[in-house]
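S.K.: Provide a 3D model corresponding to the input given below.
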Amino acid sequence: MQQVSTGGELLAEGLIRNEVKDLFFIPGIQLDWAVDALRKRTDEINLFVPRHEQTTTYMADGYYRATGKVGTAMVVPGPGALNAGAGLATAYASNSKVVFITPQIHSTGVGKGYGLLHEIKDQTGFVKGLTKWHTFVESPEAIGGALDAAYQQVNSGRPRPVGLEVPHNYLQAKVEVDGAAALRPVPERPTLPEESLIDQAAELINQARLPVLYVGGGIFTSNATDKLKEVAERIGAPVVMSDNGRGALSDRHMLAMNSLAGRAVFQHADVVVVIGSRFADVLVPAASWPKGTTKFIHINIDAADMTPPRTPDVAIVADAAETLQRLKDRLTKRTALSEAQCLAVKEWAHGQIDKIQPQAAYVKAMRDALPEDGIFVNELTQVGYLSRIAFPVYSPRTYIGPGYQGTLGYGFPVGLGAAVGGQGKRVLSITGDGGFGWNMQELATARRYNLPITLVIFNDGHYGNVRAIQKREFGAEVAVDLVNPDFQLLAKAFGIPSVQVDSPEALGAAIKESARGEGPVVIEVKIGEVPSPWHLLRLQPMAGMVGQAAPANPLDGAF
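M.R.: Numbers count the residues shown, from 1 in each chain. Now for the predicted structure:
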């Protein structure tokens, strides 16, 4: 049946057809016809409008990471798309399923340099650079098919953002379409592992003295956490979780290890199974752990993550859940690491963490106060750094970190997206006073949609980490002091309850109180200079980051 629609109506229909329930966008002149089409269908799709284009992609990222559902963001071209780039880069680095939609200038002006409104020299190249797949819509009639292709692509292979550009005049154009022609994309089937490679991996694990499982964020994409637990328990192998893999196994589980505890077991491991992780250093092109005599088995949906500097002995390009299920059936049941040994390693790591004060006390207070199903959004701030290893995580998708992009100020807007997706779960978003400056205007968004987010601002009046590095490396500091607003007055201006505290105990009480309500709350924590936790983070300490000498490895002499 033929019917006449505008390109904007085709876009709205395509979003709804692909089961987009929540859209993060900011309207503008090039989006007018799409926005009007969405206005007519607000009973089918929820529209969230933040105060900065950067926040649209951050919210889409947080939405995905809290739910596993695709996040969708839309902004005007040119400066709008550029503003959204920081969130898109973070989503790319964090392997998030985000569909990014932006118009283009008039179709007859693309690439001509006419100086049309919002024109930039190569918007297509910019969008391509921050996405794994991109399409430029060539006609109004192609809008629906392009959207279907975008959602097919975002749900295929390695999760990363995809991009779609539509010249704005196509959104206004009227076209005849077949109302019955458009179909939702067919879900991708999991990539199955080669049986011979499973056999090789199983043989290495069965012969190993101490096998170790190391997991990254890919474990969540394939919904493989249950399979991971089954494999770990079958052979009694410790599970070391990267920052992106936190929550893959509850920290209450005997076999669950943070990266600091991972140092102890890696030093004695003769076989390491890397699952859904890049397993690479973030500052230099090196593997997260040197190969030495250790055998490595890598399981990843993306073959690129198993190339040098990583040198796997067995490389399995496949879905993690399918692979772990087949691997488990070939493994000999045993206990590679006893309960007593696991507890000794955990206590070894906890003892070192507990020396980093007051951060460790603040982390404990936050965990004790946050509801069990609450979502913790970490940031690049002094308490946040230690939280990477010290904040206990009990279930998947309840811990969100910055990924390798390390975009300062990402946490609060990402937390807003997590709060939308969390369907009432309390989100605890922490930030420093420096990072909060990037997106403090989004207090308006938290208030407008009454989102259940508790924002904790650790206020030391400086870019604290930069200051610490400058003083350690050069013995002096420059350009790190901040002029901050009165955060209590700022929260009040947006109609958000707030409180200022100066101790872990008071912070915990304030978080508990915030969780009793429904909407946003701001908590300001006044702190001073604090000790560096960097020597404890990651499997191997960062070069030049030293602290007190670590106690002897509790597994020495056990193997």
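S.K.: which non-adjacent residue is nearest Gly85?
M.R.: The shortest distance from Gly85 to any non-neighbouring residue, by Cβ to Cβ, 6 or more residues apart in numbering, is to Leu130 (6.1 Å). Bear in mind the C-beta positions are built from the backbone N, C-alpha and C, glycine included.
S.K.: Dihedrals phi and psi, the residue nearest the centre of the chain?
M.R.: The structure's the chain has its C-alpha centroid closest to Ser94; by Cα atoms, centre = their mean the separation is 4.5 Å. In terms of degrees, to the nearest 10, the main-chain angles of Ser94 are phi -100, psi 10.
S.K.: list the contacts for the closest residue to it other than its chain neighbours?
M.R.: Spatial nearest neighbour of Ser94, chain neighbours left out: Gly403 (3.6 Å); criterion: Cβ to Cβ, 6+ apart. With contact set as Cβ atoms under 8 Å, 6 or more residues apart in numbering, Gly403 has these partners: 90, 93-95, 244.
S.K.: if we go to 7 Å?
M.R.: Taking Cβ atoms under 7 Å, 6 or more residues apart in numbering as the criterion, Gly403 is in contact with 90, 93-94, 244.
S.K.: Between all of those, which two are separated the most?
M.R.: In the contacts of Gly403, the most distant members under the criterion Cβ to Cβ are Thr90 and Asn244, with 12.1 Å between them.
S.K.: Which parts of the stretch 251-400 of the chain are helices?
M.R.: Assigned by DSSP state H, counting those that start in this stretch, the helices in the stretch 251-400 of the chain fall at 259-266, 320-328, 339-353, 359-369, 382-390.
S.K.: Could you tell me which of the contacts of Gly403 belong to helices?
M.R.: Among those, the ones falling in helices (DSSP state H) are 90, 93.
S.K.: Now pLDDT too, for the contacts of Gly403, in TSV please.
M.R.: Converted to TSV, the contacts of Gly403 look like this (pLDDT from 0 to 100):
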residue	pLDDT
Thr90	98
Ala93	96
Ser94	96
Asn244	95
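S.K.: Could you dump the contacts of Gly403 into JSON lines with distance to Ile430 added?
M.R.: Putting these into JSON lines (distance: Cβ to Cβ, whole Å) gives the following:
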{"residue": "Thr90", "distance to Ile430": "16"}
{"residue": "Ala93", "distance to Ile430": "20"}
{"residue": "Ser94", "distance to Ile430": "17"}
{"residue": "Asn244", "distance to Ile430": "18"}
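S.K.: Out of the contacts of Gly403, which comes closest to Gly557?
M.R.: Asn244 (33.0 Å).
S.K.: Next one: the closest one relative to Val393, how far apart?
M.R.: Asn244 sits at a distance of 11 Å from Val393 (criterion: Cβ to Cβ, to the nearest Å).
S.K.: cool, Leu324 as well?
M.R.: Leu324 is 20 Å from Val393, by Cβ to Cβ.
S.K.: the more surrounded of those two?
M.R.: Applying other Cβ atoms under 10 Å to Leu324 and Val393 shows that Leu324 carries more neighbours, namely 28 against 22.
S.K.: thought the more buried one was touching Ala224?
M.R.: Yes - Leu324 is in contact with Ala224 according to Cβ atoms under 7 Å; the separation is 5.7 Å.
S.K.: Next one: Ala543, what pLDDT does it get?
M.R.: pLDDT for Ala543: 69.
S.K.: I misspoke; the intended subject was Glu44.
M.R.: At Glu44, pLDDT is 97.
S.K.: ditto for the one 10 residues further on
M.R.: Gln54 is assigned 97 on the pLDDT scale.
S.K.: cool, Val186 as well?
M.R.: pLDDT, Val186: 62.
S.K.: Strands of the stretch 51-200 of the chain, residue ranges please.
M.R.: Ranges of strands within the stretch 51-200 of the chain are 71-74, 98-104, 133-136, 162-167, 174-178, based on DSSP state E, counting those that start in this stretch.
S.K.: do the same with the stretch 201-350 of the chain
M.R.: For the stretch 201-350 of the chain, the strands defined by DSSP E, counting those that start in this stretch cover 211-215, 239-241, 256-257, 271-275, 295-300, 314-317.
S.K.: Okay, now the sheet partners of the third one, with direction.
M.R.: Taking DSSP bridges as the criterion, strand 256-257 pairs within the sheet with strand 239-241 (parallel).
S.K.: what's the offset of the partner strand from the middle of its chain?
M.R.: 17 Å (Cα atoms, centre = their mean, to the nearest Å).
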